[in-house]
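>>> have a look at this fold, sequence not included:
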């Protein structure tokens, strides 16, 4: 309908170039033959080979993955509970404090969250390791999950639950059979968000990890501080590729579901 | 009973792992530094009973906070953090607004794709996105190579390890946070309002100034806070892109804790940072509330 | 002008305020306006009526300047308006959504256009006050749009578009968002305001009742063409096509073959074994030409016995009765299966209704009751 003016075209082009060029360059130079990351010396995949033989990186990746799976799963359960309590819980003692604690971690600088959790773990004499990172990640990502889920719950038509109760469900059954299937997309995107937040986190993990539990971001950070290296470029490329594939699959799936729904609705109108 | 557990489990989790740690930070910030394990005193010793608790409270003082005001490293770091966060927020706004505007004006069928393109970087690792700039901004990096090649400069510019690099890093990583709320506000804007303004005698530019801009203000404010708040406590960007002269409070806290092992001062730094953050957070909350009310 | 101030469209010397000359507008492959010509005169209250997608809104947007014609010329007071941007046209528009600026008060909304003209402060205040008075909004001046009711918003939108005293005011479905009762009141208000200000109004609507009520002339549109443009009574009484007859009000259509009989008028053969119907017509039809007879339900009488001297009378049985309070509409099925609607005023109480379901009845109408249209 509306044609874009040249000003809009220019700002979109420049803006997206700004957003994507750095990553494109990064990916290109992960295939560079030379150790010098800024001079092109021919195509090669040797850095990927070296990466796969680097035990330290592989160990760190494994730690990160385990932490992310555990923390995001626990965070999804807790976050969904918290969202349900916030939206449907009615009044209870300390509700304001509760909602404050849900929203505060979203704006809390990571350095403070990390520092405070570390002081707690030391205070109660908990040895730092994968377990403490999982605790820390669960705590801040459950807040993100509960924000995502509660925004869905707010728009949820309550009469559906009431209908289930009217038809003989117990409250727990109503939740399991009616509410959960309907809010499932929000719960899933909450889990994905928690998962990527955990994969991504450097600062909180640095505070709460022990010597035997170095996560991938910590490993990357310590080697990146020394400068740019083609191996890190290769690693970054792999991580970007995984995310890109994931996002594209997810969006295609959503689009297909939407198209399917449209088709069904059209059919329903015709008959 | 079921309801009790439903509330108690997440509540208890947050109390133990969010609120109590924060109380501990507050307590340590009021304690004294010691060469011991843990490196501060007093420690609460409940075995001594009431006198132990009394001793504990008697040992607390504001010494560390006084120290923060005396050593100009700290207040300079706070000021410079505020300055860097403000400048980068404004830069992000200057880049983000035209993009959000162009997105809202683009044909309907493009918008979901453009939205996805804005969100996609958010899903990729923050660390990697910052790292990507190290190769671009260094002395022999791509930016310098490019500028030398087109002949704008004769000698490579020093950008990496300066505040400029920090600005670029913050703008780059937080740009989606600026674009999304502004886009949402502009997308909601009824196109007939602009037509009405033109119909009543406004030029295009006038209509933008008198109608579009004021109506997108809540989005602009939300975007600015979403960039400003995390930028203030930022650690990764100044430590990778900034130089030794780049003072940011997140970095100072980190170094105080890990390098100097001065826990009480690090805690005091954290407490003051939070006190500074309370102001923009409260303002942000009020903006969001006002916007919600306006929508109803 | 002076020859016939009430019907300038009948005066060949009258200068139209707006003239569409062979205007075509297409969006890609879709033709919204198809070679359309139309004159609208000063002080008219002109209605563009049609279903959604018929091109009426496109015509209005071309007048306001938001769309340019693909070909043809639109003249305002004798001048081609194509090169004039919307913000410099002496044309104002009242938007369907009202498009009130949510961040400005009612007062500032009304003053918005005047401020663009750099009107002196004193005159501006006076003008805004006058507009507030005209639309009875004085006590709401300092409120924001979301603090007033739908009917009040509608009046603000009207006041804002009238404030600049445009030569031409465009109203896009101005009453669409109001409920029925309020809409009827507002229609009369609109007519009063149009008369007081003497502004030319062009209104776009899909509500035929609204068009008939407010307009001095109505143009019925379909697929980018004007099918008929005439006064409301003539649109209703003498539609020029089945489309117009069907679009405006309720109508019975009887298909048949014409036969110019003895004397004036035609005989229409419409069903095997039934006597032909008598109908007079101003259009010329050849013998055997297929045609439609359009008769309004209120022009069909219903009776138990065959009425004497009726030009046309057919027998049928009552299929359905729609009771509307003041009126009742009888759906009567004829032997050939055709259902004819007949409407009677309920002058008596319902308990004393003469007919009920399945009753055999006679329907009758005069030779001039219907309109004969060539197919």
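Received it, and whenever you're ready, just let me know what you need. These figures come from a predicted structure and were not determined experimentally.

>>> so which residues on the stretch 51-200 of chain C come close to chain B?
C:64-66, C:85-88, C:91-93, C:95-97, C:99, C:101-103, C:112-113, C:116-117, C:146, C:160-161, C:164 (Cβ under 8 Å from any Cβ of the partner chain). Bear in mind the C-beta positions are built from the backbone N, C-alpha and C, glycine included.

>>> can you select the buried ones among those for me in ChimeraX?
Entered in ChimeraX, the line below selects the buried ones among those, by 16 or more other Cβ atoms under 10 Å in any protein chain shown:
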select /C:64,65,66,86,87,91,92,93,95,96,97,99,101,102,103,112,113,116,160,161,164
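
>>> is the strand or helix carrying residue A:232 positioned near chain B?
According to DSSP states H and E, residue A:232 maps onto helix A:230-270. Yes - against chain B, helix A:230-270 shows contacts by Cβ under 8 Å from any Cβ at A:232-233, A:236, A:239-240, A:243-244, A:246-247, A:251.

>>> returning to what we had before: so which of the residues of the stretch 51-200 of chain C next to chain B sit within strands?
Secondary structure from DSSP state E places C:91-93 of these in strands.

>>> which of those residues sits closest to residue B:168?
Each of these was scored against residue B:168 by Cβ to Cβ, and residue C:93 proved nearest at 46.2 Å.

>>> who is the closest one paired with across the strands?
residue C:170 (DSSP bridges).

>>> doesn't residue C:65 make contact with it?
No - using Cβ atoms under 8 Å, residue C:93 makes no contact with residue C:65, being 9.2 Å away.

>>> spit out the residues that contact those two alike.
residue B:199 (Cβ atoms under 8 Å, 6 or more residues apart in numbering or on different chains).

>>> would you map the helices across chain A?
A:6-29, A:46-53, A:55-88, A:95-107, A:110-123, A:130-154, A:158-166, A:171-174, A:180-200, A:203-208, A:216-224, A:230-270 (DSSP state H).

>>> as CSV, those with mean pLDDT would be great.
Below are these laid out as CSV (pLDDT from 0 to 100):
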stretch, mean pLDDT
helix A:6-29, 91
helix A:46-53, 87
helix A:55-88, 93
helix A:95-107, 88
helix A:110-123, 90
helix A:130-154, 93
helix A:158-166, 83
helix A:171-174, 84
helix A:180-200, 91
helix A:203-208, 93
helix A:216-224, 91
helix A:230-270, 85
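
>>> now these as a markdown table including mean neighbour count and distance to residue C:278?
Shown next, in a markdown table, are the helices of chain A (neighbours: other Cβ atoms under 10 Å in any protein chain shown; distance: least, Cβ to Cβ, whole Å):
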| stretch | mean neighbour count | distance to residue C:278 |
| --- | --- | --- |
| helix A:6-29 | 16 | 67 |
| helix A:46-53 | 14 | 95 |
| helix A:55-88 | 20 | 73 |
| helix A:95-107 | 16 | 81 |
| helix A:110-123 | 24 | 92 |
| helix A:130-154 | 23 | 69 |
| helix A:158-166 | 13 | 61 |
| helix A:171-174 | 14 | 71 |
| helix A:180-200 | 19 | 66 |
| helix A:203-208 | 25 | 94 |
| helix A:216-224 | 20 | 94 |
| helix A:230-270 | 14 | 44 |
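
>>> any chance of the ones you listed in a markdown table, with distance to residue B:90 too?
What follows is the helices of chain A, written out as a markdown table (distance: least, Cβ to Cβ, whole Å):
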| stretch | distance to residue B:90 |
| --- | --- |
| helix A:6-29 | 16 |
| helix A:46-53 | 39 |
| helix A:55-88 | 34 |
| helix A:95-107 | 20 |
| helix A:110-123 | 23 |
| helix A:130-154 | 27 |
| helix A:158-166 | 43 |
| helix A:171-174 | 50 |
| helix A:180-200 | 26 |
| helix A:203-208 | 25 |
| helix A:216-224 | 28 |
| helix A:230-270 | 29 |
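
>>> OK, now which residue of chain B is nearest to chain A?
residue B:233 (2.5 Å; Cβ to the nearest Cβ).

>>> any idea how far that residue is from chain C?
According to Cβ to the nearest Cβ, to the nearest Å, residue B:233 and chain C sit 34 Å apart.

>>> just for the stretch 1-150 of chain B, where's the confidence low?
B:1, B:34-39, B:41-59 (pLDDT under 70).

>>> and the strands in it?
B:32-33, B:40-41 (DSSP state E, counting those that start in this stretch).

>>> quick one on the thing from earlier: elements contacting the helix holding residue A:232?
Other elements packing on helix A:230-270 under the criterion 3 or more Cβ pairs under 8 Å, 6 or more residues apart in numbering or on different chains; DSSP states H and E are helix A:6-29, helix A:46-53, helix A:216-224, helix B:108-123, helix B:126-137.

>>> between those, which gets nearest to chain C?
Comparing those under Cβ to the nearest Cβ, the one sitting nearest is helix B:108-123, at 14.0 Å.

>>> what's the burial count for residue 227?
Using chain A here. 11 (other Cβ atoms under 10 Å in any protein chain shown).

>>> try again with chain B
Neighbour number of residue B:227 under other Cβ under 10 Å is 26.

>>> please apply the same query to residue C:198.
9.

>>> same check on residue C:323?
Neighbour number of residue C:323 under other Cβ under 10 Å is 11.

>>> quick one: residue C:343 is in a strand?
Yes - judged by DSSP: H, G, I helix; E, B strand; the rest coil, residue C:343 forms part of a strand.

>>> reformat the helices and strands packed on helix A:230-270 as CSV; add distance to chain C.
Below are the helices and strands packed on helix A:230-270 laid out as CSV (distance: least, Cβ to the nearest Cβ, whole Å):
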stretch, distance to chain C
helix A:6-29, 18
helix A:46-53, 49
helix A:216-224, 44
helix B:108-123, 14
helix B:126-137, 36
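
>>> save these as CSV, and put in distance to residue C:282 too.
As requested, the helices and strands packed on helix A:230-270 are arranged in CSV below (distance: least, Cβ to Cβ, whole Å):
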stretch, distance to residue C:282
helix A:6-29, 57
helix A:46-53, 88
helix A:216-224, 88
helix B:108-123, 49
helix B:126-137, 79
